[in-house]
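> Return atomic coordinates for the entry below.
(one chain, ligands or ions: 1)
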Amino acid sequence: MPWSSTRRMKRDSHTNGHLHLAANAEDDRSNSYQGKEYRDSYELGQYGYGKNYVKLLHVHREGSLHTIREYEVDTHLKLQSKKDFIAGDNKDIIATDTQKNIVYVLAKKYGVESPEKFALLVCNHFLYTYRHVVEASVHVEEYPWERLQVDGSDHNHAFIFSPRALRFCMVTHKRNDRPNIIGGLRDLRVLKTTQSAFTDFIQDEYRTLPDTNDRIFSTVVTATWEYSTANGVDFDGVWDTVKECILDKFAGPPDTGIFSPSVQNTLYLAERKILDKVEQIKRIDMSMPNKHYFTLDLSKFPQSVVKGKNEEVYQPVDKPCGIIHATLQRNVQARAKM
Ligand SMILES: O=c1[nH]c(=O)c2[nH]c(=O)[nH]c2[nH]1
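The predicted structure is shown next:
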């Protein structure tokens with residue numbers, strides 16, 4: 001599942017906690033509280049809490065050359081005890097307001113090198129500082145600021161918002177485990193006007209779509225990938241590489257392009273190229289909604305109104321849309337045999 005939707009789910013699970021159990025220590029029979037074991041007909045499932053959308057702008061100044069990074073950070077903690085939920089005992093709670101403050105203090109102390117490194121740092125701080133935190137997760141979304149170019153030269157301190165694609169990451173660190181690092185890219189919207197076909201699919205009594213050897217191909221790419229390690233990873237470089245691989249397999253060379261027999265095949269080839277290029281990625285998940293642009297049959301209009309076959313005017317139809325997704329991971333056994 002792409003992280004964009006996971007994030008939404010994560011948010012929902014935080015905010016929908018409207019179930020008020022009038023619980024006190026006696027009611028908590030499924031857990032231990034104050035040294036006593038309790039049984040109950042109910043069991044608390046997933047739980048946790050955190051702060052969402054902590055907005056942060058970091059300005060790095062090297063003389064007159066300034067560099068910025070703007071993030072929206074979500075922090076999420078799972079505490080060892082459930083007594084905050086079950087018994088109304090707040091003693092272990094690191095307030096979400098405190099979590100927000102920690103984000104700002106760490107940014108000031110250590111700077112923000114990349115979303116992934118910052119997320120690792122924040123997770124590590126929570127686990128190291130509070131022994132009763134069993135799991136910390138940090139989601140960072142980066143605002144797509146680019147240095148402004150003026151007459152071909154980089155500006156020292158002015159930036160332009162260039163939302164070609166959004167970058168995000170999710171780091172989850174369980175105590176006594178290695179951090180799980182997911183990089184992500186979403187909202188990469190692309191379109192090409194040829195070199196896309198869709199033919200030879202199932203022909204039966206339900207099919208109305210004709211074969212097409214030349215159609216418009218447009219999609220909005222989401223990709224998430226899991227790192228096998230954090231050691232020596234150039235997270236900024238990897239994000240650029242993932243974007244380049246996707247664009248390369250979608251668009252191909254500028255003069256001739258690259259032929260796509262289906263969204264499925266294009267998506268798969270992009271994933272393969274990413275795994276080929278970035279050794280530290282162990283698994284990549286991509287989704288590509290098929291944003292349809294249908295040809296319009298204008299042949300019913302008289303020739304005096306519409307001349308010739310219509311090859312210019314298309315009808316964008318965004319709903320319903322096809323959705324194609326796949327995860328590609330390294331085949332560990334095949335590597336071991338080599
Ligand atoms: O590339 C495509 N894959 C499909 O599975 C599909 N289904 C469809 O109606 N059009 C397309 N296009």
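> rest of the way, CA atoms for contacts and neighbours
OK.
> Tell me the bridge partners for Ile284.
Trp225, Leu328 (DSSP bridges).
> same deal with Leu191?
Ser218.
> Around the ligand, pick out the residues from this protein.
Taking Cα under 6 Å from any ligand atom as the criterion, the chain approaches the ligand at residues Phe198, Ser262, Val263, Gln264.
> correct me, but the third one touches Ser287?
So the one you mean is Val263. No: Val263 lies out of contact with Ser287 (Cα atoms under 8 Å); the separation is 9.8 Å.
> so what sits against both of the two?
Ile324 (Cα atoms under 8 Å, 6 or more residues apart in numbering).
> pretty sure Arg330 is touching Ile284, no?
No: contact criterion Cα under 8 Å: Arg330 and Ile284 do not qualify, at 9.3 Å.
> picking that back up, the residues of the chain next to the ligand in helices, which ones?
Cross-referencing these against helices under DSSP state H gives Val263, Gln264.
> Make a markdown table from the residues of the chain next to the ligand and add pLDDT and neighbour count to it.
Listed next are the residues of the chain next to the ligand as a markdown table, based on pLDDT from 0 to 100; neighbours: other Cα atoms under 10 Å:
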| residue | pLDDT | neighbour count |
| --- | --- | --- |
| Phe198 | 98 | 16 |
| Ser262 | 98 | 15 |
| Val263 | 98 | 23 |
| Gln264 | 98 | 15 |
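> out of the residues of the chain next to the ligand, which one sits closest to Trp225?
Gln264 (18.0 Å; Cα to Cα).
> follow-up on the earlier one: which among the residues of the chain next to the ligand gets closest to Val305?
Using Cα to Cα, these come closest to Val305 at Phe198, 31.0 Å.
> any shared contact partners between Arg330 and Ile284?
The overlap between the contact sets of Arg330 and Ile284 (Cα under 8 Å, 6+ apart) consists of Leu275.
> How much space separates the closest residue to the ligand within the stretch 101-250 of the chain from Thr212?
The minimum distance from the stretch 101-250 of the chain to the ligand, using Cα to the nearest ligand atom, falls at Phe198 (5.7 Å). Distance, Phe198 to Thr212, by Cα to Cα, to the nearest Å: 5 Å.
> Secondary structure class of the residue lying farthest from the centre of the chain, three-state.
Outermost residue of the chain with respect to the C-alpha centroid, by Cα atoms, centre = their mean, is Ser304; its distance is 51.2 Å. Secondary structure, DSSP: H, G, I helix; E, B strand; the rest coil: Ser304 is coil.
> Next: the one 4 residues further on.
At Gly308 the chain is in coil, as set by three-state DSSP.
> Equivalent analysis for Lys300, please.
Applying three-state DSSP: Lys300 is coil.
> which residues does it contact?
Counted by Cα under 8 Å, 6+ apart, Lys300 has zero contacts.
> ok, now Thr96?
So Thr96 contacts Tyr49, Gly50, Lys51 (Cα under 8 Å, 6+ apart).
> gap between it and His76?
Thr96 is 9 Å from His76, by Cα to Cα.
> what residues do these two have in common as contacts?
Tyr49, Gly50, Lys51.
> Show me this structure divided up by domain.
46-165, 178-338 (automatic domain parsing).
> Quick one: end-to-end distance for the shortest one.
Read it as domain 46-165. OK, domain 46-165 end separation, Cα to Cα: 32 Å.
> can you give me the offset of it from its chain's centre?
With Cα atoms, centre = their mean, to the nearest Å as the basis, domain 46-165 stands 16 Å off its chain's centre.
> so where does the closest residue to Ala165 other than its chain neighbours fall, helix or strand?
Spatially, and ignoring its direct neighbours in sequence, Ala165 is nearest to Leu188 (4.5 Å; Cα to Cα, 6 or more residues apart in numbering). According to DSSP states H and E, Leu188 maps onto strand 180-192.
> What are the contacting residues of that strand?
By Cα under 8 Å, 6+ apart, the residues outside strand 180-192 that reach it are 3-4, 116, 164-173, 216-227, 230, 239, 243, 251.
> the strands in this structure, which residues?
32-33, 36-37, 49-62, 65-79, 133-142, 145-150, 153-161, 166-174, 180-192, 217-227, 281-295, 314-329 (DSSP state E).
> can I get the ones you listed in a markdown table with mean pLDDT and distance to Lys273?
A markdown table is the format used below for the strands of the chain (pLDDT from 0 to 100; distance: least, Cα to Cα, whole Å):
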| stretch | mean pLDDT | distance to Lys273 |
| --- | --- | --- |
| strand 32-33 | 62 | 51 |
| strand 36-37 | 62 | 54 |
| strand 49-62 | 98 | 33 |
| strand 65-79 | 98 | 29 |
| strand 133-142 | 98 | 25 |
| strand 145-150 | 98 | 26 |
| strand 153-161 | 98 | 29 |
| strand 166-174 | 98 | 19 |
| strand 180-192 | 98 | 16 |
| strand 217-227 | 98 | 13 |
| strand 281-295 | 97 | 11 |
| strand 314-329 | 96 | 11 |
